[in-house]
Structure formats: C-alpha cells, structure tokens
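Colleague: The following block contains a protein sequence and its predicted model.
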Amino acid sequence: MSAGAEPGVWATAGVAFDLTGAIATASLALWLWPRRQRLAGAGAPVVVALVVTATWCLAAAAALTPEMAVACSFAESLRNLAWLVAIYRLFASDGRHSSLAPIRPVIFALAFVELLHVSVTLALSYLSIPGGLAVVGFEVEIMLRLLVTVGGLVLVHNLYAGAPREVRPALRWPAIGLAVLWTFDLNLYTVAYLARSWPGEIAALRGLAALVLAGCFAIAASRKRDELRLRPSRAVTFQTFSLLVIGVYLVAMVAVAQWLSYAGGDFARLIEMGFLTFASAAALVVLPSRRVRAWLKVILTKHFFQHRYDYREEWLRFTRTIGRTGDGSSPLGERVIQSVGDITDSPAGLLLTPDEQGDLVLAARWNWPEAQVPPLAYRAGTLGLFEQSSYIADLDEIREGIAAGGFEMQAPDWLLAERRAWALVPLVHYERLVGLVVLARPAMARKFDWEDFDLLRVIGQQLASYLAENASQEALAEASRFDDFHRRMAFVMHDIKNLASQFSLLARNAELHADNPAFRADMLVTLRNSSDKLNALLARLSRYGGGTVDRLERVAAQDVARAVMTRFQPTGRLELAETREIGVTASAHSLEQVLVHLVQNALDASAPESAVSLSLSGDDLHAVFEVVDTGTGMSPEFVRNRLFKPFVSTKSGGFGIGAFEARELVKAMKGRLDVESREGVGSRFTVRLPLAPCVGTEADASKDQKVA
C-alpha cells in the first residue's frame, strides 16, 4: 500500500493535522505517566500506546516518499498492537479477563492479522511484483486493515457494553476515543477498497482522530470525569437524529445510483433516473409525516434518555400555555386542553365540567369541532373513581372490557363510539372533580406508563386549581354585578318614591281645590305624566323578580299553559301543540312567569310570520313543558357560557337576567330547565317539574314552603 500523497493543499493540511495529533498524544503520555494509577492496571499500557500513536503521527506527517510510507505502515501496525494490549488491560481492570474467555483468542487473532499485514507490506515494497498482482496485493492489504479495524471496534463495544453499571463511567471516555480512532480508519479503508486507490484527502484528516483520542483519555484520567457527561436536550437529539437519517438516505440514494451506472446496459440511465424520481417522491411523502416524526421521538426517548420527559421543558411549556393572556389568546378552557394534550402529543381534546346537578357537560373543545357531544356528556353517578384516585382512563382498555384499577369502568356510549377518543384525564381539586379532559388519539398511540401517570396527575391538579380559581373569580364578578344591580334598584325605588309623593300631594290638594276647573285640568296633566312614568318603569321591571318561590302547592299545569296562551292570544303566533291534565307541585305565579319569559324570548327570536309552539306532556315522574321556535337559534358556546349568565343580554336596554331568573325559579320549584338549540334552525326550552304525588300527599304539598 502506498500511503504517499501528492504535494498540495491536502498534503500540507495532513502534515499539520498529524503534527497536532503527535503533540497531543505525546503531551498526554508525559502528563499521564505520574497519574497512571487513575486508569487502574491499564495505566502503563495506555501510556505506551499513546507514545506509539505519537510516533505513528510523526511518521504519517513525513510519509511523502514510498520509503516513509512503509515506515508509517509499520508504525500503524505497532499502534494497533499497542492499543490491543491496552484494551486487554482495561478488561483486566474489572476482572473480566478471567471470566470472558473469548477475549484472548480474539486479541491473538487480531495480532496475527496485523503481523500478516506487515508481511504483505514488506512483500509489496521490496519484491518486484507485476502490476496485476500489485493491485491484488493492495486489496489484500486493505482487507487485512479492515479486519483489524472491525475487530478493534467489536472489542471496544464489548469493553463498554459488558461492563457492570458501576464500572461504565471509568470506561466511557476511553471507549469513545478508541471508537473514534478505529471508526475513522474503517471509513478510510472502506473508501480505499471501493475506489481501489488511496484517498489522500480523507487520509489527511487522520491526525484529528488521534487528537480526539488524546482528549478522551485526558478526560478519563481527570478527577472530574464523572461530571463531564454529554446531556443533549431532546430537541437537539431529535434534530440531530433527523439530520442523520436524511444523510443516510442521501448516501443510500447516491450509492444505488452509482451502482446502477456501473451496471451499464441500454436502460441503465433510464433505471437510474426512475429510481431517483421514485426515491425523491417517497421521501417527500414519508419524511414530513407526523406519524414518522412521532415514531422517531418515541424511539429516541426510549433508547437515548433515562426518563421519558424533560420535566423542566414540560413545565415551562405548560406555564407558557396556561398563562397566555391578552388579545388573540384562546379561552381558558381551550388552554387547559392544550396544556394536557401537549404532554402526550394529542392533536385535539374536549373539556367536560360539572353542571348544577354534578353531571358533566361540554365546556370547551380544542381542534375537535366534529365531535358529537350530547348535552349530558357524563352522568355524575359514574365519576367516583376519578375523584377517589385521580384515575387516568385508557379508553381502548375500556372498549376491550379491561377492569380499571380493579373496578369496572363505565364510560358513556358516545365516548366509546368516538374512535378518536383516547384517554380521560381528571382534574381534581381537594378531592372534588372540577373537570375531565378527553384527549384525542396521537399520531403514535402507546400505552401509558408510570411517568405518564405521575406527570398527568400533577398537571391535572394544577389545572384543577386554575379552573377552581377562575370559577371563584367569576362568582365574585357575578356578586359584584348583583351589587351594582341593587344600587340601580335603589335609584328606581327613589323614582317610585317621588311618584308616590306626587300622588299623595295631588290627593291632598284635590280635597281643597276639587271644584276649581283650572286645578282639575292641571291634575289630569300631572296624573297622565306620572302614569306614563310609572308604566314605563313597570314595563322594565315586571318580568324580573327575586328568583325565589314563596309557596309550593298543587297546581294544575294545564291551567297555567292556558293562561299563557290567553296572554299571548293577541299576537296570533303562539300555538298549543299538546296538553294534558297534570298536577304538579309548583307556584302558579312563578311557573307562569317562567313560561311567559320563554315564550316571549321565542317570539323575539323568530320571524314575524313564524309561530311558536307550547306543549305540555309528562312521564312517570315529571310534567314536561316545551317551548319550541324556528328562529335564529343559538350557538353551543352561547348556550354554555352566556345564556344563563346574569347581566349578559343581546337585547338593547335589556337587564340580561331573564333567562337566569327563569332557571333559578325552576330550580326553586325542584325542577330542571334544559336547552337545545342550533343556529339557523331554532331552539327548544324544556321545563321539567315533579308531579304532585312524587313530593308527598296533597295536604303536604299545599303547605307553605320558603325556597331560596
């Protein structure tokens, strides 16, 4: 083998690199000799191997003639033999030289191959060999080098991988240094064998491998070697691995294309272009795939990191997501879902929160508009497991009938039918469920492990505190608005007092001046003005009461329905679709007030020519009033967040407490008010009240009951 290189830029660079490697290894050998005990029994062989490596670097720097090239080849053989001895002593430092019997035969075999290489080099250098045999000799020489290099890498791998866990920190850096040295040689000799010539440009960089080797052994001999540990972030690891995959893909493409060009033939060029086109199209489809990226992240996390999550990064991302405020930021409910979904790479999710009865209803959705969630999403009676143990449910296991923590988990049918639904994460605050996050299936679905459970439970508790605090803030704001409303009512009472004073004064003057025509004319004007003021005031206040029921008694529900029909008869737009003779326990006045409000709202939301339907039916436990219109309808978001909020009104000059008061009155009568609405289709308001026999006897039902 001729290791000489033509004088030029690469030759000059190679000399510089070789001299740098020689200085580094020689300096390390001098520094390490008095500290050789830090490498246990391998200290002296390592120092000798470093000196031989420095000699090899010097020979490589001077290998510009055939004679010096032969000397460089001998020096490389001595270097390999020295490092084989050092590796054996590293095995012996933890006692494995006696337990791993195959080590000695492997080292002896590699030493024999190296001596055989020396013989081939001498034969090629000093014997007159024809050109054809010289090429064969060059290939044999390269193959022998490859055998030693591959064998050395196998020994290095077994040196580190087979070591006990407590010994690995001492072997980590020596193994890295030797792996770098022989990996570089492996690539160098592979290129030389394929090209059938010596790659001088690559060989010029061999001094850098010796420099890295010296640095690794310097770290291994330092006192703080255990603190010097590479800890790349997950993002850097993923990006680096992605670049490596792309590089391997490009190299494979070039190799196949080159092979096709060597194969020749009439259609070689066509086959080569077809392969490149197909491979490029496949890369454009596969590499950007979210599923492929998710698979790469799972593989890297599983094999490169001790823990699945970078908890610092996860917590910072969680804080940024949940704390995002200002214009353009999503509502709190969506941010709650996103902060949980980011942990498991879920692309979408739903947030269910308790209503007044404790049942879960849809509160928010994130990137999941097509999910069909019923008005009553999750019944309260099946939520005990979530509150007791913060259980994180895998919906695939529930679909398969696998018991959850020893309990038979119950999930609503709509959730099991939604195949994208993947997991349920409870948000528990002081042993009370304040929310349930439904996560959509990620691109790379997997089973949960203990790290997932621990992190999701902590995140769930934190999010539960955010939701509880937000609910408290809304309650305080609502109480503040009620205080403002009470202050406004004080002014209204002041106006009423003024009107009452005017009437009192007018009555006293009438006793004195009733016979005066001028007084009577002025009195009529005053009465008319006061009456107009009073009627305007009553028109604004007539529908808004205190939200309480003074007395519950047996009421004929059909009579209330007919009274409402009579009240709206002049409009000609209210139809009584169905009625039955049903007795309920309620307040006739409050029930009529509720129905009047619902009907009036339905009329206001409908076109002037559209009719509104009022019906009365019943079941075994309840009387059911339904008010149905075909008006503009309401969005689910409006029904969830605004319809029953006091002081939120879409009408000009409205108080915004009508729907709120109607619901409170129904609740005070032990009933329930439900809403179904769709924009552009219409709305259905359903009032359910208990039948009179369900509360008690008729005599008991007629007793006065104060209900707040």
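Modeller: Perfect, thanks for sending it.
Colleague: Check which residues of the helix or strand in which residue 522 is found are buried.
Modeller: Per DSSP states H and E, residue 522 falls inside helix 517-541. By neighbour count on 16 or more other C-beta atoms under 10 Å, the buried set for helix 517-541 is 523, 530. Backbone N, C-alpha and C define where each C-beta goes, glycine included.
Colleague: Hmm, residue 453 and residue 309 touching each other?
Modeller: No - the pair residue 309 / residue 453 is not scored as a contact, 11.9 Å apart, by C-beta atoms under 8 Å.
Colleague: Which one of these two is surrounded by more residues?
Modeller: residue 309 (16 against 13; other C-beta atoms under 10 Å).
Colleague: For the stretch 451-600 of the chain, which segments count as strands?
Modeller: Along the stretch 451-600 of the chain, counting by DSSP state E, counting those that start in this stretch, strands occupy 553-556, 574-578, 583-586.
Colleague: and those strands as a markdown table, adding distance to residue 147, mean neighbour count and mean pLDDT?
Modeller: Formatted as a markdown table, the strands of the stretch 451-600 of the chain follow (distance: least, C-beta to C-beta, whole Å; neighbours: other C-beta atoms under 10 Å; pLDDT from 0 to 100):
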| stretch | distance to residue 147 | mean neighbour count | mean pLDDT |
| --- | --- | --- | --- |
| strand 553-556 | 101 | 18 | 92 |
| strand 574-578 | 94 | 14 | 89 |
| strand 583-586 | 96 | 26 | 92 |
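Colleague: Out of these, which is closest to residue 188?
Modeller: strand 574-578 (90.8 Å; C-beta to C-beta).
Colleague: number of nearby residues for residue 118?
Modeller: Using other C-beta under 10 Å, residue 118 is surrounded by 17 other residues.
Colleague: Report the secondary structure state of it.
Modeller: The assignment at residue 118 comes out as helix when based on DSSP: H, G, I helix; E, B strand; the rest coil.
Colleague: now it, nearest residue through space, not along the chain?
Modeller: Excluding its sequence neighbours, the residue lying closest to residue 118 (C-beta to C-beta, 6 or more residues apart in numbering) is residue 77, at 5.3 Å.
Colleague: Quickly note the distance from the one you found to residue 522.
Modeller: 131 Å (C-beta to C-beta, to the nearest Å).
Colleague: mind listing what residue 141 touches?
Modeller: Applying C-beta atoms under 8 Å, 6 or more residues apart in numbering, we find residue 141 in contact with 1, 117, 120-121, 124.
Colleague: Among those residues, name the buried ones.
Modeller: Buried, going by 16+ other C-beta under 10 Å: 1, 117, 120-121, 124, out of those.
Colleague: Any stretches of the stretch 251-400 of the chain with poor pLDDT?
Modeller: Residues of the stretch 251-400 of the chain meeting the criterion pLDDT under 70: 251-308, 326-328.
Colleague: Kindly recompute the last result at 50.
Modeller: Scanning the stretch 251-400 of the chain for pLDDT under 50 picks out 303.
Colleague: List the buried residues in the host helix or strand of the residue nearest to residue 118.
Modeller: Secondary structure assignment for residue 77, by DSSP H and E: helix 66-93. Buried residues in helix 66-93, counted by 16+ other C-beta under 10 Å: 68-93.
Colleague: Next up, identify which helix or strand residue 624 is on.
Modeller: Using DSSP H and E, residue 624 falls within strand 622-629.
Colleague: err, residue 434, not the other one
Modeller: Secondary structure assignment for residue 434, by DSSP H and E: strand 432-440.
Colleague: Kindly export that strand (C-alpha atoms) in PDB.
Modeller: C-alpha atoms of strand 432-440 as PDB (Å, rounded to 0.1, in the frame of the first residue of the first chain):
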ATOM      1  CA  ARG A 432     -63.600  17.200  44.000                       C
ATOM      2  CA  LEU A 433     -63.800  16.700  40.300                       C
ATOM      3  CA  VAL A 434     -63.800  20.100  38.600                       C
ATOM      4  CA  GLY A 435     -63.100  18.900  35.000                       C
ATOM      5  CA  LEU A 436     -62.400  16.000  32.800                       C
ATOM      6  CA  VAL A 437     -60.200  16.300  29.700                       C
ATOM      7  CA  VAL A 438     -60.900  13.900  26.800                       C
ATOM      8  CA  LEU A 439     -57.700  13.500  24.700                       C
ATOM      9  CA  ALA A 440     -57.700  12.600  21.000                       C
END
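Colleague: And for that strand, what's in contact with it?
Modeller: So strand 432-440 is in contact with 336-337, 340-341, 344, 346-354, 360, 363, 367-368, 378, 383, 386-387, 415, 420-428, 460, 463-464, 467-468, 471, going by C-beta under 8 Å, 6+ apart.
Colleague: Quick one: residues contacting residue 597.
Modeller: Each residue near residue 597 by C-beta under 8 Å, 6+ apart is listed here: 543, 658-659, 661-662.
Colleague: The nearest residue to residue 374 once chain neighbours are set aside: neighbouring residues, count only.
Modeller: Spatial nearest neighbour of residue 374, excluding adjacent residues (C-beta to C-beta, 6+ apart): residue 414 at 5.8 Å. Using other C-beta under 10 Å, residue 414 has 15 other residues around it.
Colleague: Isn't residue 414 up against residue 373?
Modeller: Yes - using C-beta under 8 Å, residue 414 is in contact with residue 373, at 6.8 Å.
Colleague: Longest helix in this structure, please.
Modeller: If you go by DSSP state H, the chain has its longest helix at helix 450-513.
Colleague: Just the mean pLDDT for that helix, thanks.
Modeller: Helix 450-513 shows a mean pLDDT of 78.
Colleague: Tell me the helices and strands packed up against it.
Modeller: Under the contact definition 3 or more C-beta pairs under 8 Å, 6 or more residues apart in numbering; DSSP states H and E, helix 450-513 sits against helix 311-322, helix 332-344, strand 421-429, strand 432-440, helix 517-541.
Colleague: That helix vs helix 332-344, what angle?
Modeller: Between helix 450-513 and helix 332-344, the angle comes out at 180 degrees (axes from the mean of the first three to the mean of the last three C-alpha atoms, to 10 degrees).
Colleague: Distance from the chain centre to helix 450-513, please.
Modeller: When C-alpha coordinates are averaged (C-alpha atoms, centre = their mean, to the nearest Å), helix 450-513 and its chain have centres 39 Å apart.
Colleague: Repeat that for stretch 616-632.
Modeller: Mean-position distance between stretch 616-632 and its chain equals 43 Å (C-alpha atoms, centre = their mean).
Colleague: Give the buried residues for it.
Modeller: Neighbour counts over stretch 616-632 (16+ other C-beta under 10 Å) mark 616, 618, 622-632 as buried.
Colleague: Any idea how far apart the tips of it sit?
Modeller: 24 Å (C-alpha to C-alpha, to the nearest Å).
Colleague: Ok, stretch 27-40 next?
Modeller: First residue to last in stretch 27-40 (C-alpha to C-alpha) measures 20 Å.
Colleague: For that stretch, give me every contacting residue.
Modeller: With C-beta under 8 Å, 6+ apart as the test, stretch 27-40 has contacts from 43-44, 46-47, 50-51, 54, 90, 93, 170, 174, 214, 217-218, 220-221.
Colleague: try it again with 10 Å
Modeller: Contacts to stretch 27-40, defined as C-beta atoms under 10 Å, 6 or more residues apart in numbering, come from residues 42-54, 86, 89-90, 92-94, 167, 170-171, 174, 213-218, 220-223, 225.
Colleague: buried stuff in that stretch?
Modeller: For stretch 27-40, by 16+ other C-beta under 10 Å, it's 28-29, 32, 36, 39.
Colleague: Narrow these to those in helices?
Modeller: Using DSSP H, the buried residues of stretch 27-40 in helices are 28-29, 32.
Colleague: sorry, back to before: helices or strands next to the strand holding residue 624 in the packing?
Modeller: helix 557-567, strand 574-578, strand 583-586, helix 588-605, strand 612-618, strand 672-678, strand 682-690 (3 or more C-beta pairs under 10 Å, 6 or more residues apart in numbering; DSSP states H and E).
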